[in-house]
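Undergrad: Following is a predicted model, sequence given first.
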Amino acid sequence: MNAPQAPRRILSLPGWRGSDERHWQTLWEAQHGHLRVEQSDWEWPRRGDWMARLDEVISQDTAPTVLVAHSLGCQLVASWAAHSKLSTRVCAALLVAPADTEREDLPPQLFNWRPIIRQALPFPSLVVASPNDPYCQWERAVELASGWGSQIMNIGDQGHLNSDSGLADWPQGLLLLDGFLQSSLVSCQGPNAACSLALKPDGGAIKRHLSLDTTPESFAH
């Protein structure tokens, strides 16, 4: 019989300007108890300030933590993990629609998020991206996932996977998160414990769990 898993804490990391009331992150927080990491300035986000705030929140609880990030929140995870001493408290990260902060038409509010951190994450991660995301081309998403050592899934043409995508509470995404945690065999046994990962080489366990119409090309590592 397997030992029971330690309780996980799930932190929600919105992108630039936060996630509105129709966003799946907001709905997951209300429905499933995910905790939003509130930032002091959503309009002019300073990378260092956002990193310090995430570090502060993670330091307040030794429970194994899962990060659920969207857009600029994905860049926050990469930047924070490259510098924080608390990264061992994170079991896994779901990185949805990472924003390309090096693109030419980037708003000036986000210039300080250059260059993008491409260091491998010290915990298992899954990038979920859309080929028609206006804020990150598919090829760039693949490049980012490769740099972060993440698996990547092509979710289909769903834009930036935000409120405008019409996802509501995005049940597919919730199943994807659960399937990733299960198929990756993410294991955090307790406070300050190291996290381990045994990946399925072809992502097959995730596809079986979700019963999605996916192809092998949807997953890469």
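TA: Structure received. All values derive from a computational prediction rather than experimental measurement. Residues are numbered from 1 along each chain as shown.

Undergrad: so where's the protein uncertain?
TA: Within the chain, the segments meeting pLDDT under 70 span 1-7, 184-221.

Undergrad: give me phi/psi at the residue positioned nearest the centre of it?
TA: With distances taken as Cα atoms, centre = their mean, the residue of the chain nearest its centroid is residue 95 (2.3 Å). The phi/psi pair for residue 95 (degrees, to the nearest 10) reads phi -110, psi 100.

Undergrad: Pull the contacting residues for it.
TA: Contacts here follow Cβ atoms under 8 Å, 6 or more residues apart in numbering; on that basis residue 95 touches 69, 74, 77, 125, 126, 127, 128, 145, 148, 150. C-beta here means a position set from N, CA and C on the backbone, and glycine is covered the same way.

Undergrad: The strand or helix carrying residue 176 packs against which elements?
TA: Element membership for residue 176, per DSSP states H and E: helix 171-183. Here helix 171-183 touches helix 24-32, strand 65-70, strand 90-96, strand 125-129, helix 204-210, going by 3 or more Cβ pairs under 8 Å, 6 or more residues apart in numbering; DSSP states H and E.

Undergrad: Save these as TSV, and put in distance to residue 46 too.
TA: As requested, the helices and strands packed on helix 171-183 are arranged in TSV below (distance: least, Cβ to Cβ, whole Å):
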stretch	distance to residue 46
helix 24-32	21
strand 65-70	17
strand 90-96	21
strand 125-129	24
helix 204-210	35
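
Undergrad: quick check, nearest of the contacts of residue 95 to residue 111?
TA: Closest approach between the contacts of residue 95 and residue 111, by Cβ to Cβ: residue 74, at 17.5 Å.

Undergrad: can you pull the contacts of the closest one?
TA: Residues counted as contacts of residue 74 (Cβ under 8 Å, 6+ apart) are 13, 15, 95, 96, 97, 98, 99, 127, 144.

Undergrad: The fifth one: what's it in contact with?
TA: This means residue 97. Going by Cβ under 8 Å, 6+ apart, residue 97 touches 70, 71, 74, 128, 129, 130, 133, 135, 136, 160, 161, 162.

Undergrad: does the closest residue to it other than its chain neighbours sit in a helix, a strand or a coil?
TA: Nearest non-adjacent residue to residue 97, counting by Cβ to Cβ, 6 or more residues apart in numbering: residue 161, 4.2 Å away. Counting by DSSP: H, G, I helix; E, B strand; the rest coil, the backbone at residue 161 sits in coil.
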